[in-house]
Structures are given as structure tokens and as C-alpha cells.
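Student: Please find the sequence and the predicted model below.
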Amino acid sequence: MKIFVINGPNLNLLGEREPEIYGNQTLPEIENIITEHAKKLNNVQIEFYQSNHEGEIIDALHSHRECDGIIINAGALTHSSTAISDALQSIDLPAIEVHLSNTNARSEEWRHHSYLSPVCWGVIMGFGHLSYTAALDLLYERLSR
Ligand code: DQA
């Protein structure tokens, strides 16, 4: 089972970026936690990708159509990108939208809307790195059925 984990803009700065909101872990540390978690599951391969560019994220989604499931934290593009929404719909794989923070509880109104949620299987937000491992568990459960 192949799971593609995508992180969008500014998530490469995790660890130093607003740690009171996003925590102290760097993206490689979070990716390592996900990799270790995947080892507890049966036959799961994870591929990671991070980009600060909308088009690159779309290209990456297109070129990973052979995967079985997607975990995506599109960062701020969550709230603006109709094109990533279309890409997710086009590739037609089960996808889970994740966020480290609870975007609905954030003060900025624009974070309360997601263009991705309507085309994702589900959304997990507010649990820091556990949002990713919970998403992995849920995809694993669905894909093992
Ligand atoms: C985020 C929430 C977004 O609103 C923000 O733009 C991010 C990170 C999160 O993981 O909490 O870059 O996706």
C-alpha cells in the first residue's frame, strides 16, 4: 500500500515557524514519526513531498496517481486553491486533509474555509503531528478492507 504525504507552503519552516501554533518539530522530524508509525502497519510505503508552489503540488498529485491514498496539508493553499481541489478530484484517490492547528479555531476568518474538504474523504485538524498519524491509520483501515 502506497501513501503519498504532501506538505504545502511554509511547512518546510516547521520548528522555527510560529512554534506556539505549529509546535517545535521540524518537517523531517514529523516525517520520521510518520515513517516509524507506518512500520507498525503491514506493508505500507510512504512517500513524502513538500513544495511552496501550487503548480508543483498539482504536478506531484498527477504523477502519484498510482498511489493508494493521499494525506495532504496544503498549508495556506487549503484556503485559496481551486486548482489543488480540482487535482484531488481528478486523480480520484482517497485523500485526507490534515492540519497541525485547528484552522476553525484560528482568529483569521479566511482560515475557516477549505477548498479541499469537499473533495477529501475526511479532515483531521488540531492534533499537531498526530493529525498525520491518525490520517495514516484511517487510510490504512479503509484500504485494507
Ligand atoms: C496549516 C493551517 C493553515 O491555515 C496555514 O496556512 C498553514 C498550516 C496547519 O497545518 O495548521 O500553513 O495547514
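Tutor: Ah, there it is.
Student: For the rest of this, base every contact and every neighbour count on C-alpha atoms.
Tutor: Will do.
Student: where in the chain is pLDDT low?
Tutor: Judged by pLDDT under 70, the chain has no weakly predicted residues.
Student: Buried residues of the lengthiest helix in it, list them for me.
Tutor: Across the chain, the helix with the greatest residue count (assigned by DSSP state H) is helix 130-144. Residues of helix 130-144 classed as buried under the neighbour-count rule (16 or more other C-alpha atoms under 10 Å) are Leu130, Ser131, Tyr132, Thr133, Ala134, Ala135, Leu136, Leu139, Tyr140.
Student: Closest to the ligand out of those residues?
Tutor: Proximity of the buried residues of helix 130-144 to the ligand was ranked by C-alpha to the nearest ligand atom; the top entry is Ser131 with 9.0 Å.
Student: part of a strand, is Ile46?
Tutor: Yes. The assignment for Ile46 by DSSP: H, G, I helix; E, B strand; the rest coil puts it in a strand.
Student: Show me what from the protein comes close to the ligand.
Tutor: Residues of the chain lying near the ligand by C-alpha under 6 Å from any ligand atom: Asn10, Asn73, Ala74, Gly75, Ala76, His99, Leu100, Ser101, Thr103, Arg111.
Student: okay if I get those as CSV plus neighbour count and secondary structure?
Tutor: Supplementary listing: the residues of the chain next to the ligand in CSV, determined by neighbours: other C-alpha atoms under 10 Å; DSSP: H, G, I helix; E, B strand; the rest coil:
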residue, neighbour count, secondary structure
Asn10, 15, coil
Asn73, 26, strand
Ala74, 27, coil
Gly75, 19, helix
Ala76, 16, helix
His99, 24, strand
Leu100, 19, coil
Ser101, 18, coil
Thr103, 18, helix
Arg111, 17, helix
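Student: okay, now the residue nearest to His113 when sequence neighbours are not counted: neighbour count?
Tutor: Nearest residue to His113 in three dimensions, chain neighbours excluded: His79, at 5.7 Å (C-alpha to C-alpha, 6 or more residues apart in numbering). When counting by other C-alpha atoms under 10 Å, one arrives at 17 neighbours for His79.
Student: can you tell me how far His79 sits from Glu66?
Tutor: Using C-alpha to C-alpha, to the nearest Å, one gets 27 Å for the distance from His79 to Glu66.
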